[in-house]
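Enquirer: can't give you the sequence, but here's the structure:
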DNA sequence: AGAATATATTCGCCTTAACGTATACATGGA
DNA sequence: TCCATGTATACGTTAAGGCGAATATATTCT
């Protein structure tokens, strides 16, 4: 349980989790929305992966992340509460609206070059169905 | 919010909070129950103090700690959930039963030399009434 | 095969934190 | 006033985390 809290003890990671709430999101969107360097985003995603909180799925050259419902009901309860409370935060809502705008806004590039849009995923009220997940070095099982 | 999680991201601190759930507890009991060095216990209590999660009250040469209900409802909700979930953990229950035994067991010393017993305090379901709290260097609040 | 793109990892530096040990501070009693 | 006790803080060491910069890996396109 202390490990779960360690994973939550960083503002950037909380923002990432908030963006992933109910959606599977491509890394490129995280970088765009949070306005931070790609290695930084990737490191924080790796931290969440190692903590077993998120899972990655490759889709061509893009990688999508989604939240994994923890096995232990206690951890799941905590995470669910945290996501709910994050949704009440102004800046977190701003992140989400930027994500929506980024996904709907026209790009200069042709449609085929655009990163895949966020995909709705099973949330805490339904059961997860792991599919096509990739495993990096040192991930949690 | 990230700061709250940082405060919860340590097993010793979780054990301390569990022991303080609904009670005001003297430092000497923490040292006895957790079986760890007094400076270590004191440092973790100081960490919780700086995070604004607990408050200290001096009573002679003893100092009692209790949980403070966070101002922000979100943080209060999280902390309340955490305390509830900790109560379901085996080792946390063992800590509590050791605390009960320590408080009720006869001592070699005369009664007047014993540390004050844990005192029930207002919990999350009622409102806090701060009284006689002491402030150390660099505390929150 | 080679270039371009998306993502992950490594490296070096810095900050924070956890710990044991030693010491300081506060209180009460002789 | 001096001493014993309870608690807090300081010091030095070690480990972990966060960051920017550079580099590695994987995939697609030509």
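Expert: Received it, and whenever you're ready, just let me know what you need. The model shown is predicted, which means the values in this text are computed figures rather than measured ones.
Enquirer: gap between residue A:38 and residue B:135?
Expert: 44 Å (C-beta to C-beta, to the nearest Å). In short, each C-beta sits where N, CA and C put it, glycine included.
Enquirer: same deal with residue A:20?
Expert: Taking C-beta to C-beta as the measure, residue A:20 falls 40 Å from residue B:135.
Enquirer: so for the two, which sits in the more crowded spot?
Expert: residue A:20 (24 against 11; other C-beta atoms under 10 Å in any protein chain shown).
Enquirer: please report phi then psi for that one.
Expert: Backbone dihedrals for residue A:20, given as degrees, to the nearest 10, come out at phi -90, psi 0.
Enquirer: spatially nearest residue to residue A:48 (excluding sequence neighbours)?
Expert: The shortest distance from residue A:48 to any non-neighbouring residue, by C-beta to C-beta, 6 or more residues apart in numbering or on different chains, is to residue A:54 (4.4 Å).
Enquirer: anything in the helix or strand where residue A:31 lies near DNA strand D?
Expert: The secondary structure element spanning residue A:31 is helix A:27-34 (assigned by DSSP states H and E). No. Looking at helix A:27-34 against DNA strand D by C-beta under 7 Å from any atom of the strand, there are no contacts, and the closest approach is 10.3 Å.
Enquirer: from the chain's centroid, how far away is that helix?
Expert: 10 Å (C-alpha atoms, centre = their mean, to the nearest Å).
Enquirer: neighbours of the residue nearest to residue A:48, just the number please.
Expert: Residue A:54 is surrounded by 24 other residues when neighbours are defined as other C-beta under 10 Å.
Enquirer: check residue A:94 too.
Expert: Once other C-beta under 10 Å is used to define contacts, residue A:94 is seen to have 11 neighbours.
Enquirer: could you do residue A:102 as well?
Expert: If we define neighbours as other C-beta under 10 Å, then residue A:102 has 16 of them.
Enquirer: how close does the residue lying closest to it once chain neighbours are set aside get to residue A:40?
Expert: Of all residues not flanking residue A:102 in the chain, residue A:32 sits nearest, at 5.7 Å (C-beta to C-beta, 6+ apart). Residue A:32 sits at a distance of 13 Å from residue A:40 (criterion: C-beta to C-beta).
Enquirer: same question, residue A:56
Expert: Plainly put, residue A:56 is 17 Å away from residue A:40 if you go by C-beta to C-beta.
Enquirer: same question, residue A:2
Expert: Going from residue A:2 to residue A:40 by C-beta to C-beta gives 24 Å.
Enquirer: wait, residue A:53 sits on residue A:5?
Expert: No. With contact defined as C-beta atoms under 8 Å, residue A:53 does not reach residue A:5; the gap is 11.3 Å.
Enquirer: and the worst-scoring helix or strand of chain A on mean pLDDT, does that touch DNA strand C?
Expert: Between all helices and strands in chain A, the lowest mean by mean pLDDT, DSSP states H and E belongs to strand A:119-120, at a mean of 72. No. Interface with DNA strand C: strand A:119-120 contributes nothing (C-beta under 7 Å from any atom of the strand), its closest point being 13.1 Å away.
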